[in-house]
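**Q** let's see this in three dimensions:
(2 chains)
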2 protein chains.
Amino acid sequence: MDKIRIIEVKESVFSDNNKDADRLRKELKEQKTFLLNLMSSPGSGKTTFLKGIASRLKNRIDMGVMEADIDSDVDAAAMAECGVKTIQLHTGGMCHLDASMTRQGLEEFGTKGLDLVVLENVGNLVCPAESDTGSVKNAVILSVPEGHDKPLKYPLMFQVAHALIINKIDVLPYFDFDIDKVKKYALMRNPNLKIFLISAKTGEGMDEVSSWLEEEVKEWCK
Amino acid sequence: MDKIRIIEVKESVFSDNNKDADRLRKELKEQKTFLLNLMSSPGSGKTTFLKGIASRLKNRIDMGVMEADIDSDVDAAAMAECGVKTIQLHTGGMCHLDASMTRQGLEEFGTKGLDLVVLENVGNLVCPAESDTGSVKNAVILSVPEGHDKPLKYPLMFQVAHALIINKIDVLPYFDFDIDKVKKYALMRNPNLKIFLISAKTGEGMDEVSSWLEEEVKEWCK
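**A** Next up is the predicted model:
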């Protein structure tokens, strides 16, 4: 396995992150690269999910992954092991990425030629929701063990997400998790939210979310 | 059930939070109140854990709970329902509490006469670790579904914690969670960490952590 490349990204000097994020989206449109910002709590299964997506989209889409973490390269090593082009971003203690940090990552990564770049944001349901990364779409993973009340407690995350991916449905029998309630609470925050039920571990539902993402990428890159 | 009191706490105007936190600890020592700062990811079981602690310590210790959240009063309502003196702190979008916000909560709560106050911090493994709340001890809950690699990925949280409470051990058979590894990784961060294995749902291990907390409170308040 190649050594993982680690980039230390720095917080933006721009005062207007929203404007910077719009500028980044425009650049991505021009170079025909779709950027997905993937957010969730720690341990909800982002990396396992991405491994499943990568295996389904290989030979169909050129994909790369930017793993953002406070520290460590645990996730990047896992992604690289399954043959996905990967870079590790270290946020230097920052709990989220802004558009400038995302751009630094993209530039160092060399994303020209890639159809899809997934930014695996820092595991956190609060701060990443507050900062537009310049992504084309935002997805949030919520895993069954976390509980169905999360859209009530972390409203902004569900408001800014385009897709809600409910993971670990294979363990539904062992938790008090009410799918109807979580859907209701999430749609209260965002009536346009696309909701998927998956188990990244068993593969259930992964084809549907993978097809959705492929369609989104093709629409953006055409 | 009484209506939950909600306090909007504001970020500190002090530039030196550490100094303010030390001052708060001194005040708590004088009034003989032990403050536990309880941290974790969203959905790791903080509230269920606290309900278990409250039922074990009632008639032994006067206890109150401050529930900190971005929004909502889901947890405070759950605590109040089981007869625990509870207040809801809203952080106005902030991802953690500092010492000044904690003091505002304590003052509004009226904690004189209480032996133990638990601050249930915002669900987040990143930001709460960076800010001393003035607590006497910090505890972090990590639940089995989150994975054993978390001390590698969120090092500061495990460094600042005095106790690591590994929750949801009742679902160990359904997850790839290695207890030896999580202990090793956590102790790498903090060799003095006290580690408990519990299931807040079934009650397993709750007596041990409850006894530990009672001892700590008695030591502080004597």
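**Q** what parts of chain A come near chain B?
**A** Taking Cβ under 8 Å from any Cβ of the partner chain as the criterion, chain A approaches chain B at residues A:41-44, A:69-72, A:74-75, A:93, A:95, A:122-127, A:130, A:143-147, A:149-150, A:152-156, A:168, A:170-171, A:174-175. (Glycine included, C-beta is placed from N, CA and C.)
**Q** among these, which ones are buried?
**A** If you count burial by 16 or more other Cβ atoms under 10 Å in any protein chain shown, the buried members of the residues of chain A next to chain B come out as A:41-44, A:69-70, A:72, A:74-75, A:95, A:122-127, A:143-147, A:149-150, A:152-156, A:168, A:170-171, A:174-175.
**Q** what residue is smack in the middle of chain A?
**A** Nearest to the geometric centre of chain A sits A:Leu38, at 1.1 Å (Cα atoms, centre = their mean).
**Q** am I right that that residue is in contact with A:Ile141?
**A** Yes: when contacts are counted by Cβ atoms under 8 Å, A:Leu38 is listed as touching A:Ile141 (7.0 Å).
**Q** list the contacts for A:Gly105?
**A** A:Ile7, A:Val9, A:Met66, A:Ala68, A:Ile87, A:Leu89, A:Leu97, A:Leu119 (Cβ atoms under 8 Å, 6 or more residues apart in numbering or on different chains).
**Q** just the ones of these in strands?
**A** Using DSSP state E, the members of the contacts of A:Gly105 that fall in strands are A:Ile7, A:Met66, A:Ala68, A:Ile87, A:Leu89, A:Leu119.
**Q** please report how far the first one lies from chain B.
**A** In this view, A:Ile7 and chain B are 17 Å apart by Cβ to the nearest Cβ, to the nearest Å.
**Q** gap between A:Gly92 and chain B?
**A** 12 Å.
**Q** ok, how many other residues are close to that residue?
**A** When neighbours are counted by other Cβ atoms under 10 Å in any protein chain shown, A:Gly92 registers 12.
**Q** hang on, it is in a helix, isn't it?
**A** No: counting by DSSP: H, G, I helix; E, B strand; the rest coil, A:Gly92 falls outside a helix, being coil.
**Q** about what we covered before: just the ones of the buried ones among the residues of chain A next to chain B in helices?
**A** Helix and strand membership here follows DSSP state H; of these, those in helices are A:Val74, A:Asp75, A:Lys150, A:Leu152, A:Lys153, A:Pro155, A:Leu156.
**Q** okay, these in CSV with pLDDT and distance to A:Val136 next?
**A** Converted to CSV, those look like this (pLDDT from 0 to 100; distance: Cβ to Cβ, whole Å):
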residue, pLDDT, distance to A:Val136
A:Val74, 80, 27
A:Asp75, 83, 22
A:Lys150, 95, 24
A:Leu152, 93, 28
A:Lys153, 90, 27
A:Pro155, 93, 23
A:Leu156, 95, 19
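**Q** just flag the most distant two among those.
**A** A:Val74 and A:Leu152 (30.5 Å; Cβ to Cβ).
**Q** report the helix or strand with the lowest average pLDDT across chain A.
**A** When each helix and strand of chain A is scored by mean pLDDT, DSSP states H and E, strand A:6-8 comes last, with a mean of 75.
**Q** contacts for that one?
**A** A:Asp73, A:Ala76, A:Ile87, A:Gln88, A:Leu89, A:His90, A:Gly92, A:Gln104, A:Gly105, A:Glu108, A:Phe109.
**Q** now with 6 Å?
**A** Strand A:6-8 is contacted by residues A:Gln88, A:Leu89, A:His90, A:Gly92, A:Glu108 when judged by Cβ atoms under 6 Å, 6 or more residues apart in numbering or on different chains.
**Q** residues touching the second one, list them.
**A** So that's A:Leu89. Contacts for A:Leu89 (Cβ under 6 Å, 6+ apart) come out as A:Ile7, A:Val9, A:Met66, A:Ala68, A:Gly105.
**Q** swap in 10 Å and give it another go.
**A** Applying Cβ atoms under 10 Å, 6 or more residues apart in numbering or on different chains, we find A:Leu89 in contact with A:5-9, A:66-69, A:73, A:76, A:97, A:101-102, A:104-106, A:108-109, A:119-122.
**Q** drop anything exposed from those residues.
**A** Neighbour counting with 16+ other Cβ under 10 Å marks A:7, A:9, A:66-69, A:73, A:76, A:97, A:101-102, A:104-106, A:108-109, A:119-122 as buried within the contacts of A:Leu89.
**Q** A strand includes the residue nearest to the centre of chain A, no?
**A** Yes: per three-state DSSP, A:Leu38 lies within a strand segment.
**Q** can you tell me the element A:Leu187 falls in?
**A** Taking DSSP states H and E as the criterion, A:Leu187 maps to helix A:179-189.
**Q** give the partner strands of the helix or strand following that helix in its sheet and their orientations.
**A** Scanning forward in sequence from helix A:179-189 by DSSP H and E, the next helix or strand is strand A:194-197. If you go by DSSP bridges, strand A:194-197 pairs up with strand A:163-167 (parallel).
**Q** and the strand it pairs with, what's its mean pLDDT?
**A** Mean pLDDT, strand A:163-167: 98.
**Q** between helix A:179-189 and it, find me the angle.
**A** Strand A:163-167 runs at 160 degrees relative to helix A:179-189, counting by axes from the mean of the first three to the mean of the last three Cα atoms, to 10 degrees.
**Q** check the offset of strand A:163-167 from the chain's centre.
**A** What separates the centre of strand A:163-167 from the centre of its chain is 11 Å, taken as Cα atoms, centre = their mean, to the nearest Å.
**Q** contact partners of stretch A:171-189?
**A** Outside stretch A:171-189, the residues within contact range by Cβ under 10 Å, 6+ apart are A:140, A:142-161, A:164, A:166, A:168-169, A:193, A:195, A:197, A:199, A:201, B:43, B:145, B:168, B:170-171, B:173-175, B:201.
**Q** tell me the mean pLDDT for it?
**A** Averaged over stretch A:171-189, pLDDT sits at 97.
**Q** start to end distance for that stretch?
**A** By Cα to Cα, to the nearest Å, the extent of stretch A:171-189 from end to end equals 26 Å.
**Q** show me what contacts A:Ala200?
**A** Going by Cβ under 10 Å, 6+ apart, A:Ala200 touches A:44-53, A:141, A:143, A:165, A:167-170, A:206, A:209.
**Q** okay, now A:Gly134: neighbour count?
**A** Using other Cβ under 10 Å: A:Gly134 sits among 27 other residues.
**Q** check contacts around it.
**A** Contacts here follow Cβ under 10 Å, 6+ apart; on that basis A:Gly134 touches A:17-18, A:20-28, A:35, A:37, A:97-103, A:106, A:119.
**Q** check which helix or strand covers A:Ile54.
**A** Small correction: residue A:54 is Ala, not Ile. If you go by DSSP H and E, A:Ala54 is part of helix A:46-57.
**Q** give me the phi and psi for the nearest residue to A:Val126 once chain neighbours are set aside.
**A** Closest residue in space to A:Val126, ignoring its immediate chain neighbours: B:Cys95 at 4.1 Å, by Cβ to Cβ, 6 or more residues apart in numbering or on different chains. Main-chain dihedrals, B:Cys95, degrees, to the nearest 10: phi -90, psi 0.
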